[in-house]
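>>> sequence and predicted structure below; questions after.
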Amino acid sequence: MAVFTELSDEDRQLITAAYGFTSLLSVIGIADGDSETTYLFRTREGEFIVTLFESGAQPSDLERAFETMEALYRHGVPCPKPLRTVDGHATSRAAGRLVAIVSFVPGASPTFANPAKCLSLGRVMAEMHTVLELKAKCNPTDLRIGAIHGALVQENVFFLGEEVSGVINFRLRHDDALVSELADALVGWAGEINGELNKNRARALLQGYQDVRCLTDGEKEALPGFVMASTSKRFASKRERILLPEIAMLAYRSVTSDILR
């Protein structure tokens, strides 16, 4: 990504004042990322990621994302610390754009996830789900519901070595069955090009998850179906979609025969 929206001196001063920074040391445009404009602000108070939303973002959406990150950060889950304005808002405005700021997270997203990284991701995902699960009275056959990240893809997870250093970008957080996000992570991080799940990576991710949060009987029973659905979504727009039923069934069988034994 290139920096889309340039910040004038006046824009920088607006942001500095809105968040109570005492001194702005440097401003660096970030070339990586999605379709938003992103800057690194170095201040006396620390380093922060400043995002200017080019389209589609609403203050209410970002408020929910901030509340989710705040809950996770309080419980020690590795994610950015949201920075509110001096008036307590999740967003401000500058350069005609909605602005949100979070603390800088060290690390980098992986080009390849080995089993050790999958193990760490599984643990962090379970920590997130444990904090965000809706605490309703449930029986062992129920699918537990809570807020999920919604986009636990490689570019949204940073690592230092083999350990997750931070999960970023909570804009797509929403309430859903927790096992649905586990299935998406298994497909995204352990899925092969033919749809089958890599046994070592998938087992590591599932082990890491259950080290922190044990799946209910209902979730274990439902997981293969969710993996099948997630695989179908992954391949629906690809050239291989003509083979989609076979690919989805291969993913289903790899969970039932190899991963959940």
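In hand now; what should we look at?

>>> show me the shaky parts of the stretch 101-250 of the chain.
136, 239-242 (pLDDT under 70).

>>> repeat that with 90
134-142, 193-195, 233-250 (pLDDT under 90).

>>> show me the helices in the stretch 151-261 of the chain, by range?
With DSSP state H, counting those that start in this stretch as the criterion, the stretch 151-261 of the chain has helices at 178-190, 199-212, 217-235, 244-254.

>>> just those helices: most buried one?
helix 178-190 (a mean of 24; mean count of other Cβ atoms under 10 Å). Using the backbone N, CA and C atoms, a C-beta is placed for each residue, glycine as well.

>>> who wins for proximity to residue 27 among the helices of the stretch 151-261 of the chain?
helix 178-190 (33.3 Å; Cβ to Cβ).

>>> that closest one packs against which elements?
helix 115-132, strand 145-148, helix 199-212, helix 217-235 (3 or more Cβ pairs under 8 Å, 6 or more residues apart in numbering; DSSP states H and E).

>>> TSV for the ones you listed, including distance to residue 186?
Below are those laid out as TSV (distance: least, Cβ to Cβ, whole Å):
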stretch	distance to residue 186
helix 115-132	9
strand 145-148	14
helix 199-212	5
helix 217-235	6
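
>>> right, so of these, which gets closest to residue 30?
helix 115-132 (23.0 Å).

>>> now that closest one, how far from the centre of its chain.
11 Å (Cα atoms, centre = their mean, to the nearest Å).

>>> return the set of buried residues in that helix.
115, 117-129, 131-132 (16 or more other Cβ atoms under 10 Å).

>>> okay, stretch 204-224 in CSV with CA atoms only?
Provided in CSV are the C-alpha atoms of stretch 204-224 (Å, rounded to 0.1, in the frame of the first residue of the first chain):
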residue,chain,number,x,y,z
ALA,A,204,-0.3,-27.8,16.8
LEU,A,205,-2.9,-25.0,16.4
LEU,A,206,-5.6,-27.2,18.0
GLN,A,207,-3.3,-28.3,20.8
GLY,A,208,-2.4,-24.6,21.6
TYR,A,209,-6.1,-23.7,21.6
GLN,A,210,-7.0,-26.6,24.0
ASP,A,211,-4.1,-25.9,26.3
VAL,A,212,-6.1,-22.7,27.2
ARG,A,213,-9.7,-23.5,26.4
CYS,A,214,-11.1,-27.0,26.0
LEU,A,215,-13.7,-27.5,23.3
THR,A,216,-17.1,-28.6,24.4
ASP,A,217,-18.5,-31.9,23.0
GLY,A,218,-20.8,-29.9,20.8
GLU,A,219,-17.9,-27.9,19.4
LYS,A,220,-15.8,-31.0,18.7
GLU,A,221,-18.7,-32.5,16.8
ALA,A,222,-19.4,-29.4,14.8
LEU,A,223,-15.7,-28.5,14.0
PRO,A,224,-15.4,-30.7,10.8
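
>>> who touches that stretch?
Residues outside stretch 204-224 that contact it (Cβ atoms under 8 Å, 6 or more residues apart in numbering): 115-116, 118-123, 125-127, 129-130, 138, 140-144, 177-179, 182-183, 185-186, 189-190, 252, 255-256, 259-260.
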